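Participant: sequence first, predicted model second:
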Amino acid sequence: MKTVLKLVVALALLNALVRAGSAAWSYYQLKDSAQQMLLFGSSVTSAQLHEQILSTAADLNIPLKPEDLEVRRVGTRRVAEGTYPQSIELFPNYPYPVTFSFRVDSLTVAGL
């Protein structure tokens, strides 16, 4: 009986780790993708970058809404900030709400 209980606890922990790891992996993929878009998209407008980041979020199944993402130019820097809530089911049928937020920026140098 102890072995079965230990196995159930171990499987529940493994499930939680996989689901949390998957959500974190998607978050870092989105953040890295946004950083790359800012870095190599110096000739692209902020509105186009906004749409590209939202498209990437949709591809990664991330619930990022257009109003929760801001892409702007500040002097020679381009900044993207986003926040989104995601429900992670750490234990079956018990979702745990997590709010992910990121801020990436890139220096824009014209004429290179």
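Facilitator: Here it is on my side, so go on.
Participant: so who does the residue nearest the centre of the chain touch?
Facilitator: Nearest residue to the geometric centre of the chain (CA atoms, centre = their mean): Tyr27, 2.7 Å. Listed by CB atoms under 8 Å, 6 or more residues apart in numbering, the contact set of Tyr27 reads 62, 100, 102. (Glycine included, C-beta is placed from N, CA and C.)
Participant: next helix or strand past the helix ranked longest in the chain?
Facilitator: Scanning the chain for the helix with the most residues, using DSSP state H, yields helix 2-40. Remark: after helix 2-40, the chain's next helix or strand is helix 46-59, criterion DSSP states H and E.
Participant: angle of that following helix against helix 2-40?
Facilitator: Inter-element angle recorded for helix 46-59 and helix 2-40: 160 degrees (by axes from the mean of the first three to the mean of the last three CA atoms, to 10 degrees).
Participant: flag every buried residue along the next helix-or-strand element following helix 46-59.
Facilitator: Beyond helix 46-59 on the C-terminal side, the first helix or strand identified by DSSP H and E is strand 69-74. By neighbour count on 16 or more other CB atoms under 10 Å, the buried set for strand 69-74 is 69, 71.
Participant: give me the contacts around the next helix or strand after strand 69-74.
Facilitator: Per DSSP H and E, the first helix or strand lying C-terminal to strand 69-74 is strand 77-91. With contacts defined as CB under 8 Å, 6+ apart, strand 77-91 is touched by 12, 15-16, 19-20, 23, 30, 34, 37-38, 41-42, 46, 49, 53, 57, 62-65, 68-73, 95-108.
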